[in-house]
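Undergrad: Sequence first, then the predicted structure:
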Amino acid sequence: MTPTFISLVAIAWLSPAPSTFSTVEMRFVGPGYYCGGGFLVRLEKGEQVTFTSQRIDTATISLDLAGRRVEATSSPVAPRGKRVQKIAEGILRQSSENGRIFYVVDDQQPILLSITSPAFRGFTKDKWFFDRINFDPTAEKAVTCLAQQK
């Protein structure tokens, strides 16, 4: 079984104590599909994804898409914001804090995915990102993920 976002977070949760948990980092470079955490994103040539987990309850995925940096963080956050899209197993919410737009994947789980980027300008203007990401957890069955190619 290849490691994915969810499986690495699960390994972190099973860790005996926070003081013994070390940083996990993996990098994937396109072209291809990065799969993990119930979503997949299409990477063009040279685009990359870096997965980092430094704490028991949090993991971060940094995406470099056509020179735009996007951060996706899995953590225990409260879903808030306006509903902008229905997704496979929940809804996508848009909110802002300190002038910065972020999105939360609200799928009724205790650990939610929060997505932010300095390039985000509001859902209709952020199609450059949302046209490339698929939140259907079964979508990775239809593609070969970069982790499977390593």
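TA: Cool, got the structure.
Undergrad: For the closest residue to Pro79 other than its chain neighbours, give the beta-bridge partners.
TA: With CB to CB, 6 or more residues apart in numbering as the criterion, Pro79 has its nearest non-adjacent residue at 3.9 Å, and that residue is Asp106. Backbone N, C-alpha and C define where each C-beta goes, glycine included. Beta bridges link Asp106 to Ile91, judged by DSSP bridges.
Undergrad: I figured Asp106 hits Lys82, correct?
TA: No - if you go by CB atoms under 8 Å, Asp106 and Lys82 don't touch, sitting 11.2 Å apart.
Undergrad: circling back to that earlier point, what's around the residue nearest to Pro79, how many residues?
TA: When neighbours are counted by other CB atoms under 10 Å, Asp106 registers 20.
Undergrad: So it versus Glu71, what's the distance?
TA: Applying CB to CB, to the nearest Å, the value for Asp106 to Glu71 is 18 Å.
Undergrad: Could you list the low-pLDDT ranges of the chain?
TA: Along the chain, the model assigns pLDDT under 70 to residues 1-22, 37-38, 54-58, 150.
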